[in-house]
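> here is my input, please return the structure:
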Amino acid sequence: MSKPSYYDIDDILAVQERVPCVLQVDLDGLGSAGSGGSSKVHRNSRWALPFWMADRLNEEDYVNMEVSPMFSKQANRMYAASPVSVQLRAISQHYYQFGLHLGDLVPEVPQVLQNMYMQRLQKIAQISQQGGNIETLDFVQSLDKTESRMLKLCQQSKSSMTEVAEFYSGIGGMHFALKQAKVEAQVVRAFDINNVANDVYSHNFGDVPVVQRSIDSLPMTLFEALKADLWTMSPPCQPYTRQGLQRGSDDMRAKSFLFIIDLLGKLQNKPMYLLMENVAGFEKSDTRGILLRQLVKVGYRFEEYLLNPLQLGYPNSRTRYYLLAKRDASPRECLEEFLPQFHYQVPGAGLIPPAADSQGLVDFEKTAWNHDKVRPVKEFMEALSGEDAVAYQLSQKVLDKHGYVHDVVTPEDRRTCCFTKGYTHYAEGTGSVLQTKGVVGQDPMTTENTRYFTPREVANLMGFPATFTFPENTSRKQRYRLLGNSLSVSVVAVLIDYLLNRM
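Coordinates of the predicted model:
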């Protein structure tokens, strides 16, 4: 049984709670303390005494202390039925602290306290993160002192955190990058139109509300209400891919991103930070010019990057365009054209510098560069055997028809090609295949020694943590497509750290 702390006013008040007691001895000389003003109080008389007094008298066998009504079996059943609806403050402002003092006297009390606290703590955390309405106001008014302090701490913690809105959230690559960057950040809302991607996102981040609607169909009031500090964006890449028609802003799939760009000029509650990711090729599009001019007009300072996971030691070549922006510049009219000025290093990140040709031009896909610091593919592989291994083998038909166009790597290699959503469906330019035995180009590719990378291995190569998983009902084809549309988590993590802490 815990002893009251006389340095804690709340604990002093907690032990003032009265508990029923039965007197075990006859007491003389108490004057009017007994019933009817008699000077003698008889054994078996029932009194309600402050806990601090009853505890001492109980130890000396003067009284038998009984269970407080607030922890009776009937009360405990009520708590268990609906912990969140209990008006705890009306029962006692010091419910938990008083309960802790009863822990030894009533064995079930600690479990009752734990169940009550854990259930109500979830509601407290939700209110601190998302605000509330009339219903949550009633709940807040029901909190005891301990819970009120916890709500205040949660709200203070929230105020010091960077709040993030994740547009084109996909399977949560940006969210995982935030965690990997180890910044104090919280995603308040995610947006994506793909229901399969949203299922995967919610599977990994079930506490984040996901909006499944086209971004350009959402009302202005929703964006104003976000009040997020950071917007992360990975808009559709099809208008800008090298293999596509490169229609840029004329492509209907660019519509939602152009809406966001326009929105930045209208919002009162603009984000302080922006992080945008897209394919290499976006930097040559007209959409880039539209974006940069708008950023200058509304007071953002920006930096542009072309980076590859190889620079972080990941054996996967996935060159992407990244834009970082911070709203700390003076707004000004801007009609200028922006020359290509891209960074290939992130300050303070220690990336491996890419190679350049004699004219100083960097091309991650074609130039040779130092791979010594890049980790071998085998570090990212799963241990497959039996039926699991057979499931990913290339068929003899595929080998005969397309074997010569595949990019083939071994476990010892330190580079794989970019995995796209067409992996396993198309042979050329969609990602590498793995020759587990022999020498590429010398030993023949067979169904036994050649297989596709598994979705888990592709996720590993893209920097997703081991905690990332797919729902069981996500098909293999869907997993490859979703990963192909995602991003390099580790590269984005480096950029987030720089953007929020040093830019």
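> what's near enough to touch the residue nearest to Glu303 when sequence neighbours are not counted?
The shortest distance from Glu303 to any residue other than its chain neighbours is 5.0 Å, reached at Leu324 (C-beta to C-beta, 6 or more residues apart in numbering). For the C-beta atoms, the positions are set from N, CA and C on the backbone; glycine is no exception. For Leu324, the contacting residues are Tyr273, Leu274, Leu275, Phe302, Glu303, Glu304, Tyr305, Leu495, Tyr498, Leu499, Met503, by C-beta atoms under 8 Å, 6 or more residues apart in numbering.
> quick one: Ile352 from Leu307, how far?
11 Å (C-beta to C-beta, to the nearest Å).
> go on, Ala197?
Distance check for Ala197 against Leu307: by C-beta to C-beta, it reads 23 Å.
> the more surrounded of those two?
Comparing Ala197 with Leu307 by other C-beta atoms under 10 Å, the one with more neighbours is Leu307, at 28 against 24.
> how near is the residue positioned nearest the centre of the chain to Asn308?
In the chain, the centroid-proximal residue (C-alpha atoms, centre = their mean) is His175; its distance is 4.9 Å. Separation of His175 from Asn308 (C-beta to C-beta): 22 Å.
> what sits up against the helix or strand harbouring the residue nearest to the centre of the chain?
Following DSSP states H and E, one finds His175 within helix 173-181. When contacts are defined by C-beta under 8 Å, 6+ apart, helix 173-181 is touched by residues 164, 166, 169, 185, 187, 190, 201, 204-205, 208, 232, 234, 275, 462-465, 468, 486-490, 492-497, 500.
> can you give me the helices for the stretch 351-500 of the chain?
Listed in chain order, the helices of the stretch 351-500 of the chain (DSSP state H, counting those that start in this stretch) span residues 386-390, 396-402, 455-461, 476-484, 489-501.
> how much space between the residue nearest to Asp61 when sequence neighbours are not counted and His101?
Leaving aside its sequence neighbours, Asp61 sits nearest to Gln24 (C-beta to C-beta, 6+ apart; 5.9 Å). Look at Gln24 and His101: by C-beta to C-beta, they are 21 Å apart.
> shaky segments in the stretch 251-400 of the chain?
365-370 (pLDDT under 70).
> ditto for the stretch 101-250 of the chain
129-136, 155-160, 243-245.
> hey, where'd the helices end up in it?
Assigned by DSSP H, counting those that start in this stretch, the stretch 101-250 of the chain shows helices spanning 109-130, 134-141, 145-159, 173-181, 195-204, 220-226.
> hey, which of the ones you listed is tucked in deepest?
Most buried of these, by mean neighbour count (mean count of other C-beta atoms under 10 Å): helix 173-181, with a mean of 24.
> possible to save the helices of the stretch 351-500 of the chain as TSV with distance to Pro347 and mean neighbour count?
Shown next, in TSV, are the helices of the stretch 351-500 of the chain (distance: least, C-beta to C-beta, whole Å; neighbours: other C-beta atoms under 10 Å):
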stretch	distance to Pro347	mean neighbour count
helix 386-390	43	10
helix 396-402	43	13
helix 455-461	26	22
helix 476-484	29	20
helix 489-501	6	22
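> tally of neighbours for the nearest residue to Gly422 once chain neighbours are set aside?
In this structure, Gly422 finds its nearest non-sequential neighbour in Thr430, 4.4 Å apart by C-beta to C-beta, 6+ apart. Residues near Thr430, counting by other C-beta under 10 Å, number 20.
> contacts only, for Thr430.
So Thr430 contacts Phe419, Thr420, Gly422, Tyr423, Thr424, Gly484 (C-beta under 8 Å, 6+ apart).
> what subset of those is buried?
Listed as buried from the contacts of Thr430 are Phe419, Thr420, Tyr423, Thr424, Gly484; burial here means 16 or more other C-beta atoms under 10 Å.
> contact partners for Trp380?
One correction, residue 380 is Phe, not Trp. Going by C-beta under 8 Å, 6+ apart, Phe380 touches Tyr314, Pro315, Glu457, Asn460, Leu461.
> and the strands in the stretch 151-300 of the chain?
Assigned by DSSP state E, counting those that start in this stretch, the strands in the stretch 151-300 of the chain fall at 162-167, 185-191, 210-211, 230-233, 273-279.
> of all the ones you listed, which one is nearest Lys40?
Lys40 lies closest to strand 185-191 among these, at 65.1 Å (C-beta to C-beta).
> give me the angle between that closest one and helix 173-181.
In terms of direction (axes from the mean of the first three to the mean of the last three C-alpha atoms, to 10 degrees), strand 185-191 departs from helix 173-181 by 170 degrees.
> using the three-state scheme, assign Asn64.
Under DSSP: H, G, I helix; E, B strand; the rest coil, Asn64 falls in the strand class.
> now do it against Ala48, distance only.
Separation of Asn64 from Ala48 (C-beta to C-beta) stands at 13 Å.
> quick check: neighbours shared by those two?
Cys21.
> got the contact list for Met78?
Neighbouring residues of Met78 by C-beta under 8 Å, 6+ apart: Val86.
> let me know the pLDDT of it.
On the pLDDT scale, Met78 is placed at 90.
> what score does Val404 have for pLDDT?
Just so we're on the same page, residue 404 is Tyr rather than Val. In this prediction Tyr404 is given a pLDDT of 79.
> any idea how far Asp104 is from Leu88?
Separation of Asp104 from Leu88 (C-beta to C-beta) stands at 22 Å.
> the more surrounded of those two?
More neighbours surround Leu88 than the other of Asp104 and Leu88, with 21 against 11 (other C-beta under 10 Å).
> check contacts around the more buried one.
Contacts of Leu88 (C-beta under 8 Å, 6+ apart): Tyr95, Met116, Arg120, Ser142, Leu143, Asp144, Glu147.
> could you redo the last one with a cut-off of 10 Å?
By C-beta atoms under 10 Å, 6 or more residues apart in numbering, Leu88 lies in contact with 70, 79, 95-96, 116, 120, 139, 142-147.
> and it, how far from Met53?
As for Leu88, its distance to Met53 is 24 Å (criterion: C-beta to C-beta).
> for the helices of the stretch 351-500 of the chain, which one sits closest to Arg375?
Ranking those by proximity to Arg375 (C-beta to C-beta) places helix 455-461 first, at 9.9 Å.
> can I get that closest one as PDB, trimmed to CA atoms?
This file holds the C-alpha atoms of helix 455-461, laid out as PDB (Å, rounded to 0.1, in the frame of the first residue of the first chain):
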ATOM      1  CA  PRO A 455       7.900  -7.500 -52.700                       C
ATOM      2  CA  ARG A 456       9.600  -7.600 -49.300                       C
ATOM      3  CA  GLU A 457      13.000  -7.400 -50.900                       C
ATOM      4  CA  VAL A 458      11.900  -4.500 -53.200                       C
ATOM      5  CA  ALA A 459      10.600  -2.700 -50.100                       C
ATOM      6  CA  ASN A 460      14.000  -3.300 -48.300                       C
ATOM      7  CA  LEU A 461      15.900  -1.900 -51.300                       C
END
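> what sits in contact with each of Ile352 and Leu307?
Contacts common to Ile352 and Leu307, judged by C-beta under 10 Å, 6+ apart, are Gln345.
> re the thing from before, distance to Ser285 for the contacts of Phe380 - can I get that in a markdown table?
Shown next, in a markdown table, are those (distance: C-beta to C-beta, whole Å):
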| residue | distance to Ser285 |
| --- | --- |
| Tyr314 | 26 |
| Pro315 | 29 |
| Glu457 | 32 |
| Asn460 | 31 |
| Leu461 | 27 |
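> since that was my last question, I'll sign off now.
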